[in-house]
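Asks: need a structure here:
(chains A and B)
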Amino acid sequence: MLNQKLEMFIDDRYDDFQDNSEEHGSNKVIVRNVNVYYGDIQAIIDVSMIIKEKTVTALIGPSGCGKSTLLRCFDRMNDEITGCRTKGKIIWRGNDILDKKVDPVALRHKVGMVFQKPNPFPKSIYDNVAFGPKIHGIKGKRLDDIVENSIKQAALWEDVKDRLGESALKLSGGQQQRLCIARTLAIDPEVILFDEPCSALDPISTAKIEALIRELKKDYTIIIVTHNMQQAARISDCTAFFLMGELIEFDKTSKIFENPKDKKTEDYITGRFG
Amino acid sequence: MIRKEYIEELDKLKRDVLKMGKLAKDAASNSIKALIERDAELAKRVLNENAVIDDLEFDIENRCMKLIALQQPMAVDLRVIGTCIKIITDFDRISDVGGDIAEVVLRVGDEPFVKPLIDIPRMAEITQKMIDDCLEAFSKENIEILEDFSKRDDIVDALYDQIRRELITIMIERPKTISNASHLTFVALYLERIGDHTCNIASRIIYMVTGVKKKLG
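Replies: Numbers count the residues shown, from 1 in each chain, chains lettered A, B, ... in the order given. Alright, predicted model coming up:
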């Protein structure tokens, strides 16, 4: 139902604008002059960028630079933080998703998020993935199919297909994180936000998540916050470097890591500061 | 400073590449000096020093690989290391070419040359200046002095063609000079190669400084 609600407002407005400007006629995520404040403190300063559809965009920068704050704008998670105010626009499929008229719960149906620490529910593997679709009234064979496909897409099926009824908490950290990705995929999002998804994982699990992200970008638009520069270089198509709330440089990842334009970007990625 | 040891290691790497470049240039210039002055001792020294340059090349390459594996260099650091790995091969080739000229000196001995050495010293002068300019550009990250490298390489190529034609004519006219003239032809060819190697080096230094790949020569 939530999905329908979102589809309705998206489709109505999308149809209205799809023949107009490029801005309204594509599935790019267009960030226009976004400012975010925590009380008197400005965490994001006038950020504008265009995130292309079905690409991986990495947000990098030192702690406190605003990258996670910006990430939370895409699914309006900042709404949950007392005293947090957001100005500007994020236009996606013809809608300003920061507009108060947009239902954030419906929005999160289309913009999924995977967090730093794997956070499976204390339920079975099956129930974790089925949780979202069940809320939307899906059951029976269709639910089984969604669960199976989502777990397969998250590259976890071979690990868990014989123990779907077991507690998700019995899985390893890397498996739990892939389960969380499967849980996100089960609600059929179009954009997936990753907030340092590998920071709590070992190198093998990290490699699996990275391979998965590369695979997922065929179908989803992915925005990832990472402190791991090599990870950003390995998996992203575009990289945005933030410093003290400002977007310093946004370009193709190969350009950022081989020949950045800005001295501040160069100093950060070469480890001169940060 | 964050990553102090890493920065120091990068600086040391650059200093050693410069050192290797200077040794390569010495090999090139001393071999020509030995040829002009018929100095067999100097020619032998050039050949002996080749081993030092070979060792330095291995050492620098190993350190580059270690830096890449352990420090994950990015941006300008990555370009510096990539450039070092590439240009040490050209410096090694230049020193090898110096060794080849030194061997010609030892083979020819005191036998007089079929023609006076006029254009070969000119080629040597131009190519040695090109090596010097590469070293300065690398050390000071000043790429302006590399701008006319293609033109300078054209002059070296033209001189080589001229020397080769001249020597072929002499060989046709006086077949007894073939051995002696062939040695000089090879020396001219070696110098022409040095010009090509300096163009490769210059092209890499431009990439190191600007991030833009530009073919020279």
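
Asks: tell me which parts of chain A are close to chain B?
Replies: Contacts of chain A with chain B, taken as C-beta under 8 Å from any C-beta of the partner chain, map to A:229-230, A:233, A:257-260, A:265-266, A:269-274. Yep, even glycine has a C-beta here, placed from its N, CA and C like the rest.

Asks: what does chain B put close to chain A?
Replies: Counting by C-beta under 8 Å from any C-beta, chain B sits next to chain A at B:1-3, B:6-7, B:72-79, B:210-212.

Asks: give me that answer again for 6 Å
Replies: B:I2, B:R3, B:Q72, B:M74, B:A75, B:V76, B:D77, B:G211 (C-beta under 6 Å from any C-beta of the partner chain).

Asks: from those, which would you call buried?
Replies: B:Q72, B:M74, B:A75, B:V76, B:D77, B:G211 (16 or more other C-beta atoms under 10 Å in any protein chain shown).

Asks: can you tell me which of the residues you listed are in helices?
Replies: If you go by DSSP state H, these have B:A75, B:V76, B:D77 in helices.

Asks: what's the burial count for the residue of chain A found nearest chain B?
Replies: Proximity of chain A to chain B (C-beta to the nearest C-beta) peaks at A:N259, 2.9 Å away. By the criterion of other C-beta atoms under 10 Å in any protein chain shown, A:N259 has 17 neighbours.

Asks: returning to what we had before: return the item of the residues of chain B next to chain A having minimum pLDDT.
Replies: On pLDDT alone, B:I2 ranks lowest of the residues of chain B next to chain A, at 66.

Asks: Give the PyMOL command for selecting the buried subset of the residues of chain A next to chain B.
Replies: A single PyMOL command selects the buried members of these (16+ other C-beta under 10 Å):
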select buried, chain A and resi 229+233+257+258+259+260+265+266+269+270+271+274
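
Asks: Just the ones in helices from the residues of chain A next to chain B, please.
Replies: Per DSSP H, the residues of chain A next to chain B map to helices at A:M229, A:Q230, A:A233, A:F257, A:E258, A:T265, A:E266, A:I269.

Asks: and A:V31, bridged to which residues?
Replies: Note on A:V31: beta-bridge partners A:M49, A:I90, judged by DSSP bridges.

Asks: Show me the helices in the stretch 1-150 of chain A, by range?
Replies: Secondary structure of the stretch 1-150 of chain A (DSSP state H, counting those that start in this stretch): helices at A:2-17, A:22-25, A:67-73, A:104-110, A:125-135, A:140-153.

Asks: By mean pLDDT, show me the worst of those.
Replies: When I compare the helices of the stretch 1-150 of chain A, helix A:2-17 is least confident, with a mean of 40.

Asks: Give me the residue ranges of chain A where confidence is low.
Replies: Within chain A, the ranges that satisfy pLDDT under 70 run A:1-26, A:274.

Asks: Which residue is the nearest non-sequential neighbour of the residue nearest to the spatial centre of it?
Replies: Residue closest to the mean C-alpha point of chain A, counted by C-alpha atoms, centre = their mean, is A:L193 at 0.7 Å. Using C-beta to C-beta, 6 or more residues apart in numbering or on different chains and skipping the chain neighbours, the partner closest in space to A:L193 is A:M113 (4.4 Å).

Asks: Is B:P116 part of a helix or strand, or is it coil?
Replies: Of the three states, B:P116 takes coil under DSSP: H, G, I helix; E, B strand; the rest coil.

Asks: measure it to B:Y160 for me?
Replies: Going from B:P116 to B:Y160 by C-beta to C-beta, to the nearest Å gives 17 Å.

Asks: who's more crowded, the two?
Replies: Taking other C-beta under 10 Å, B:P116 and B:Y160 do not tie; B:Y160 has more neighbours (21 against 9).

Asks: Where does the more buried one fall, secondary structure wise?
Replies: helix B:149-173 (DSSP states H and E).

Asks: Tell me how far A:R32 lies from A:I91.
Replies: Taking C-beta to C-beta as the measure, A:R32 falls 7 Å from A:I91.

Asks: Could you list every helix and strand that the helix or strand harbouring B:E5 packs against?
Replies: Per DSSP H and E: B:E5 is located in helix B:4-37. Packing partners of helix B:4-37 (3 or more C-beta pairs under 6 Å, 6 or more residues apart in numbering or on different chains; DSSP states H and E): helix B:40-71, helix B:75-108, helix B:119-140.

Asks: residues of it that come out buried?
Replies: Here helix B:4-37 shows B:6-7, B:9-10, B:13-14, B:16-18, B:20-21, B:23-35 as buried, counting by 16+ other C-beta under 10 Å.

Asks: I'd like the distance from that helix to the chain centre, please.
Replies: 10 Å (C-alpha atoms, centre = their mean, to the nearest Å).

Asks: Quick one: work out the angle between it and helix B:40-71.
Replies: Orientation of helix B:4-37 against helix B:40-71 (axes from the mean of the first three to the mean of the last three C-alpha atoms, to 10 degrees) gives an angle of 160 degrees.

Asks: Rebuild the helices and strands packed on helix B:4-37 as TSV, extending it with distance to B:Y190.
Replies: Putting those into TSV (distance: least, C-beta to C-beta, whole Å) gives the following:
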stretch	distance to B:Y190
helix B:40-71	12
helix B:75-108	5
helix B:119-140	9
